[in-house]
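Novice: Sharing a model that was predicted from the sequence below.
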Amino acid sequence: MQDSKCTVPISEKYALTIEEAAEYSNIGQNRISELLKAPRCSFVLYVGRKKLVKRVEFERFISESIEI
């Protein structure tokens, strides 16, 4: 019997874990964690105590930045 667990490609996910965001962007996990701590971070999503990265807003942030 096949495993019924379906994996969604990162490029189709709405929210990413810090690990997925690091893999997707080639930015280190520690740097992404620091960015998520910023008071005006537009791409952080809190799920309980867990922090996720809103993919589209994260992409926009990267495209508008010249230095991270």
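Specialist: Nice, I can see it. Residues are numbered from 1 along each chain as shown.

Novice: Setting aside sequence neighbours, what's the nearest residue to the residue most central in space within the chain?
Specialist: The residue lying closest to the centre of the chain (CA atoms, centre = their mean) is residue 53, at 3.1 Å. For residue 53, ignoring the flanking residues on the chain, the nearest one in space by CB to CB, 6 or more residues apart in numbering is residue 21 at 4.1 Å. Heads up, the C-betas are built off the backbone N, CA and C, glycines and all.

Novice: can you list contacts of the helix or strand harbouring the residue nearest to the centre of the chain?
Specialist: Under the criterion of DSSP states H and E, residue 53 resides in strand 50-54. Residues from elsewhere that reach strand 50-54 (CB atoms under 8 Å, 6 or more residues apart in numbering): 14-18, 20-21, 32-33, 36, 42-46.

Novice: so what strands line up beside that strand?
Specialist: Using DSSP bridges, the strands paired with strand 50-54 are strand 15-16 (antiparallel), strand 44-47 (antiparallel).

Novice: Dump those into CSV; add mean pLDDT, mean neighbour count and distance to residue 26 as well.
Specialist: Formatted as CSV, the strands paired with strand 50-54 follow (pLDDT from 0 to 100; neighbours: other CB atoms under 10 Å; distance: least, CB to CB, whole Å):
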stretch, mean pLDDT, mean neighbour count, distance to residue 26
strand 15-16, 97, 20, 13
strand 44-47, 96, 13, 19
